[in-house]
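>>> What follows is a predicted structure for the sequence shown.
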Amino acid sequence: MFWLLQASQIVIQIDGAARGNPGPAAAGIVIQDDAQGRTVRIGRYLGLRTNNQAEYEALVIALQEVARRLQPGFSGGITVRTDSQLLCRQMTGHYRTRNPELARLALKAHALMARLPKVELRHVSRTENRAADRLANLALNRHSRMQRAAAGGELALRRDAGSQNPSTDYTDYTEENKGTADSRR
């Protein structure tokens, strides 16, 4: 695997994006570990979803990733930053979650949060959430290019300019770095 979070504070940025409502959707996630200066960036294509479903799925994916990487005995805080006011208010109980699919995803997120110490959801402006937004849009763009390439009969996809790690699946990737370390799956 990759690394275990050993920070006193973990900051997560999440964003869901859908082109159309519903439409092709993706999640963008940035997880930062303050103790080791490590960052995990995740962009994942989700299929056809509404924007709100994509926001919730980004939260679930982020919490699953943190739970998977968390070192036993971690007692620090986890802050999740989202530009979705609806998600933040529904998850904190200020709004009811009436949509059945969102309610299902909210239950899943609450169950994950219960397994983690001190999780705080915080609403931030879109400008404070640019990194996660960029990853969600990158996953959507890569999926779109793959679809066009498949429709055009191309056998191979070209790497993104500047990419050091070619991959055949550009729509679901994880990038980690500490200094110059970088790996994608």
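It's in. Source: prediction; values computed, not measured. Residues are numbered from 1 along each chain as shown.
>>> Buried residues, stretch 119-130. List them.
For stretch 119-130, a neighbour-count test (16 or more other C-beta atoms under 10 Å) marks 119, 121, 123-124, 129 as buried. Yep, even glycine has a C-beta here, placed from its N, CA and C like the rest.
>>> what's the helix or strand for residue 27?
If you go by DSSP states H and E, residue 27 is part of strand 23-33.
>>> C-terminal to that strand, what's the next element?
Downstream of strand 23-33 (by DSSP H and E), the next one is strand 38-49.
>>> list the helices and strands that next one packs on?
Packing partners of strand 38-49 (3 or more C-beta pairs under 8 Å, 6 or more residues apart in numbering; DSSP states H and E): strand 9-18, strand 23-33, helix 51-69, helix 130-151, strand 172-177.
>>> ok, back up a step: looking at the buried residues of stretch 119-130, which one is closest to residue 106?
Nearest to residue 106 among the buried residues of stretch 119-130: residue 121, at 11.3 Å, using C-beta to C-beta.
>>> residues in contact with that closest one?
80, 82, 87-88, 91-92 (C-beta atoms under 8 Å, 6 or more residues apart in numbering).
>>> Then residue 46?
Here residue 46 is in contact with 16, 25-27, 53-54, 57 (C-beta under 8 Å, 6+ apart).
>>> Read off the pLDDT value for it.
On pLDDT, residue 46 comes in at 96.
>>> mind pulling up the phi and psi values for residue 101?
Main-chain dihedrals, residue 101, degrees, to the nearest 10: phi -70, psi -40.
>>> That one against residue 53, yeah?
Yes. The criterion here is C-beta atoms under 8 Å, and residue 101 meets it with residue 53 at 5.9 Å.
>>> The two: who's more crowded?
residue 53 (22 against 13; other C-beta atoms under 10 Å).
>>> Return the residues in contact with the more buried one.
Going by C-beta under 8 Å, 6+ apart, the list of residues near residue 53 reads 16, 18, 22, 25, 46, 101-102, 105.
>>> now the contacts of residue 121: which count as buried?
80, 82, 87-88, 91.
>>> between those residues, which is nearest residue 8?
The closest of the buried ones among the contacts of residue 121 to residue 8 turns out to be residue 80 (C-beta to C-beta; 16.3 Å).
>>> looking at this, that closest one is in a helix?
No. The assignment for residue 80 by DSSP: H, G, I helix; E, B strand; the rest coil gives strand, which leaves it out of any helix.
>>> Thought residue 123 was touching it, still the case?
No. Using C-beta under 8 Å, residue 80 makes no contact with residue 123, being 10.1 Å away.
>>> So which residue is smack in the middle of this protein?
residue 29 (2.7 Å; C-alpha atoms, centre = their mean).
>>> ok, what's across the strand from the spatially closest residue to that residue that is not a sequence neighbour?
Of all residues not flanking residue 29 in the chain, residue 42 sits nearest, at 4.2 Å (C-beta to C-beta, 6 or more residues apart in numbering). Residues in a beta bridge with residue 42, per DSSP bridges, are residue 29, residue 174.
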